[in-house]
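> need a structure here:
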Amino acid sequence: MSAPTINQAVAAASVQELRDSLHGTVIAPGDSTYDEARQPWNAMVDKRPALIARCADAGDVATAIAFAGRHGLEIGVKGGGHSIVGQAVPDGGLMIDLSPMGSVRVDPEQRLAYVGGGALLGDLDLAAEPHGLATTAGNVSHTGVGGLTLGGGMGWLARQFGLSCDNVTAFEVVTADGSRLTASADENAELYWGLRGGGGNFGVVTQFTFRLHPIGGQVLSVDFFYPPEAGPEVLRTLRDFAQSAPPQANPTGWVGTAAEWPFLAPELHGTSLVNAGYVWIGDPDEGRSLLGPFRGVATPVAEVAVESTYVQLQASSDEPTRRGMRRYWKDHYLRELTDEAIEAILARGGPAGDGEIQANASLLGMGGAISKVGPGESAFSLRDAAFEFITSAGWEDPAEDEMRMAACRRYAAALEPFSSGTYVNALSDEGEAGVRLAYPPETLARLTALKDRYDPDNVFHLNHNIRPSRH
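Down below sits the predicted model:
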C-alpha cells in the first residue's frame, strides 16, 4: 500500500509552519520514522496518517488541534496505542502522538503522582515503586496510562483501591476549541465526572494527577490447572472464593487450550484445561492461607505459585501481549456467575466445526473497592459485576484472521444471555451498540450533554464515541 499524500489543502508551507510552531516534531510519509510511529499495538491495523504530530506539551496539543481544524484533517490521539481497532491512527488524518509527554513525577509526602498524557503504565509503576507506593494501573506495562484511565482502568490493585479513574484527583485537558482546563472535584466537576470512564471523547488529557497508596511490594500469583471434566466444580469454587476473598486477592480463571507451558507435562500441551486461582497483593505467606479451596476441589494437573515484586507482576504479561501480534477480543461483565453461565463458559462457544477453532477465555473477579463507588459518581457505572469475562486471541498469520475472530465472536455470543454490560476499554468493532452496552441510559445521556458542551462538532470521534446530540 502506498503512503498517503498530505491533504491537498495542506500546502508544504503549512506543514513547515506546523513544524516551526511545535516544541515537538512532525513526521510525514516518507520520513524514516514514519512506519514505526504510525504502527499501533495490534498488527492487524495498517492505517496511514497524513501527518504525525509528536507533541511535547499541552501547547503543542492545542496547536495540533487547531491545525487539523484549519485543514480538515481527522484527529486520532495516541498514548500507548493499545486500542484493538487502532483508533489512535487516522487514515489520511493527523495523529496527535503524546509519547514525548511520558514523564512521571512522584510526591511521596502527598502520595501523588503527576503523570504525562503519553506515559505508559510501566513508567508510573517504576516511578512510584522506590517510595513503596502504587496505584491501580492495569496489568500490562506497555499500555498507555491515558487510554486505560479514561475508560475506567482495571488492575491488580482495583479491589483494594478502586479503578484507575477512581484514583485521579485532577486532569489537565485540552478541549476541541484549544482551551486548557483543569478538571477536578472542585473545578469543572462535571467534566471530571465524565473523564472518569467516558473515554477520550471530551479532549486530550495532557496530565493526570493520581492518588498513590502504600504497598509492601510483594505479590503471590497462584494458578491451578484441572482437566475439563472438573470444570463445573472448579468454576463454582472460584465463584464462592470470589464472594468471600479479601480485597488483596484477585480471583482469576481461564478456560482454553494449553500452550507448551513448561510447568505442564508434554502430553497436556494442546489439550483443553480449566484454570482457577488468584493474584495476592501482599505478604506471600498470608496469600498462601487461601490455597485450600483450590487444592480440595479436584485433583489439579499442575499447581503454580510464583512470588515476585509488584513491578515484576505488572510486567509479567508483557511478552505474551507484545507488539507485532494480530489481536482480537470480546468482553462481558457478569453480575452473577450462575451455573448456566459456567456451562456456557466451559462450552467455549460450542464444538468447532470444519475449519473452525475454539477460543480461550479468562475471568477476573471484580467487587471490593470497585463496587463501593456509587454508579452515578463517575462515568464508569457498571460496578455491580462479579466477574469480567474476556475471550481474546493473538496470532501472527493473516490467513487466520477470520477464523480467530469468528471463534471469539461465537464464544462471546454464547455468554450474551448472562451479560450485564461490557467494559468500554474492551470494546472492539461493536460501534454504537457497544457504547450502549458500556453505559446505562442515564449515564449515556449525561455523557451526551458533556459532549454537547465540550465537543459539539465531534472532533474527537476516533474512540468509542459519545455522539453529540446534533450528530
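> Contact partners for residue 144?
Contacts for residue 144 were tallied using C-beta atoms under 8 Å, 6 or more residues apart in numbering; they are 78, 79, 80, 81, 82, 118, 119, 120, 121. Any C-beta I mention is one placed from the backbone N, CA and C, and that applies to glycine too.
> can we see that at 7 Å?
Residues in contact with residue 144, defined by C-beta atoms under 7 Å, 6 or more residues apart in numbering, are 79, 80, 81, 82, 120.
> looking at it, the last one is touching residue 79, isn't it?
No: distance between residue 120 and residue 79: 8.1 Å, which falls outside the contact criterion (C-beta atoms under 7 Å).
> list the residues that contact both of those two?
Contact criterion C-beta under 7 Å, 6+ apart; residues shared by residue 120 and residue 79: 144, 145.
> Neighbour count for those two, which is higher?
Comparing residue 120 with residue 79 by other C-beta atoms under 10 Å, the one with more neighbours is residue 79, at 29 against 25.
> How about the more buried one, nearest residue that isn't a chain neighbour?
Closest residue in space to residue 79, ignoring its immediate chain neighbours: residue 144 at 3.1 Å, by C-beta to C-beta, 6 or more residues apart in numbering.
> Distance of that neighbour relative to residue 204?
Residue 144 sits 12 Å away from residue 204, going by C-beta to C-beta, to the nearest Å.
> which is the next helix or strand following the helix or strand bottoming out on mean pLDDT in the chain?
Every helix and strand of the chain was ranked by mean pLDDT, DSSP states H and E. The lowest is helix 12-21, at a mean of 86. Proceeding N to C from helix 12-21, the next assigned helix or strand is strand 25-27, under DSSP states H and E.
> And that next one, what does it pack against?
Strand 25-27 is packed against helix 12-21, strand 51-54, with contacts defined by 3 or more C-beta pairs under 7 Å, 6 or more residues apart in numbering; DSSP states H and E.
> same thing but 10 Å
Identification of packing neighbours for strand 25-27 by 3 or more C-beta pairs under 10 Å, 6 or more residues apart in numbering; DSSP states H and E yields helix 12-21, helix 34-38, strand 51-54, helix 58-71, strand 94-97.
> May I have the residues that are in contact with residue 277?
Residue 277 is in contact with 220-225, 238, 241, 249-254, 290-291, 294, 300, 303-305, counting by C-beta atoms under 10 Å, 6 or more residues apart in numbering.
> Distance from stretch 23-32 to the middle of the chain?
28 Å (C-alpha atoms, centre = their mean, to the nearest Å).
> What of stretch 293-311?
The offset between the C-alpha centroid of stretch 293-311 and the centroid of the whole chain comes to 26 Å, using C-alpha atoms, centre = their mean.
> And for stretch 229-241?
Worked out by C-alpha atoms, centre = their mean, stretch 229-241 lies 27 Å from the chain centre.
> List the buried residues in it.
Neighbour-count burial for stretch 229-241 flags 230, 231, 234, 235, 236, 237, 238, 239, 241 (criterion: 16 or more other C-beta atoms under 10 Å).
> still on that earlier bit, please identify every residue contacting each of residue 144 and residue 204.
Listed as contacting both residue 144 and residue 204 by C-beta under 10 Å, 6+ apart are 77, 79, 98, 117.
> where does the closest residue to the third one other than its chain neighbours land in three-state SS?
What it means is residue 98. Leaving aside its sequence neighbours, residue 98 sits nearest to residue 118 (C-beta to C-beta, 6+ apart; 3.3 Å). Following DSSP: H, G, I helix; E, B strand; the rest coil, the label given to residue 118 is coil.
> quick one on the thing from earlier: tell me the one among the buried residues of stretch 229-241 nearest to residue 24.
Of all those, the one with the least separation from residue 24 (C-beta to C-beta) is residue 238, at 47.3 Å.
> Let me see the contact set for the nearest residue to residue 112 once chain neighbours are set aside.
Spatial nearest neighbour of residue 112, chain neighbours left out: residue 209 (5.9 Å); criterion: C-beta to C-beta, 6+ apart. Residue 209 sits next to 105, 107, 110, 112-115, 167-172, 182, 184 when contact means C-beta under 10 Å, 6+ apart.
> Show me which of those are buried.
Neighbour-count burial (16+ other C-beta under 10 Å) applied to those gives 112, 113, 114, 115, 167, 168, 170, 171, 172, 184.
> and of those, the nearest to residue 325?
Within the buried ones among the contacts of residue 209, proximity to residue 325 (C-beta to C-beta) peaks at residue 115, which comes in at 26.8 Å.
> list the contacts for that closest one?
101-106, 121, 123-124, 127-128, 135, 137, 145-146, 149, 168, 205, 207-210.
> run the last query once more with 7 Å
Residue 115 makes contacts with 104, 124, 145, 207, 208, 210, as judged by C-beta under 7 Å, 6+ apart.
> Can you tell me which of the residues you listed has the most neighbours?
Ranking those using other C-beta under 10 Å puts residue 145 first, with 30 neighbours.
> how far away is the residue nearest to residue 321 when sequence neighbours are not counted from residue 462?
Excluding its sequence neighbours, the residue lying closest to residue 321 (C-beta to C-beta, 6+ apart) is residue 140, at 5.0 Å. Distance, residue 140 to residue 462, using C-beta to C-beta: 22 Å.
> Quickly list what the residue nearest to residue 79 is bridged to.
As for beta bridges, residue 144 partners with residue 120 under DSSP bridges.
> what about it, distance to residue 313?
Taking C-beta to C-beta as the measure, residue 144 falls 19 Å from residue 313.
> Residue 215 now?
When distance is defined by C-beta to C-beta, residue 215 is 11 Å away from residue 313.
> Ok, residue 19 next?
Taking C-beta to C-beta as the measure, residue 19 falls 42 Å from residue 313.
> what about those two, which has more around it?
Legend: neighbour count by other C-beta under 10 Å for residue 19 and residue 313, higher for residue 313 (22 against 15).
> returning to that earlier point: got TSV for the buried residues of stretch 229-241, with pLDDT and distance to residue 394 too?
Output for those, formatted as TSV (pLDDT from 0 to 100; distance: C-beta to C-beta, whole Å):
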residue	pLDDT	distance to residue 394
230	98	27
231	98	23
234	98	25
235	98	24
236	98	29
237	98	28
238	98	24
239	98	27
241	98	28
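> Can you report how many residues lie near residue 431?
Using other C-beta under 10 Å, the number of residues around residue 431 comes to 11.
> One more: residue 308?
Neighbour tally, residue 308, other C-beta under 10 Å: 16.
> Which element, helix or strand, includes it?
strand 302-309.
> Grab the CA positions of that strand and hand them over as PDB.
Extracted C-alpha coordinates of strand 302-309, given in PDB (Å, rounded to 0.1, in the frame of the first residue of the first chain):
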ATOM      1  CA  ALA A 302      -0.500 -28.500  37.700                       C
ATOM      2  CA  GLU A 303      -0.100 -26.100  40.600                       C
ATOM      3  CA  VAL A 304       1.900 -22.900  40.100                       C
ATOM      4  CA  ALA A 305       2.700 -20.400  42.800                       C
ATOM      5  CA  VAL A 306       5.100 -17.600  42.000                       C
ATOM      6  CA  GLU A 307       6.400 -14.900  44.400                       C
ATOM      7  CA  SER A 308       7.600 -11.700  42.800                       C
ATOM      8  CA  THR A 309       7.600  -8.000  43.400                       C
END
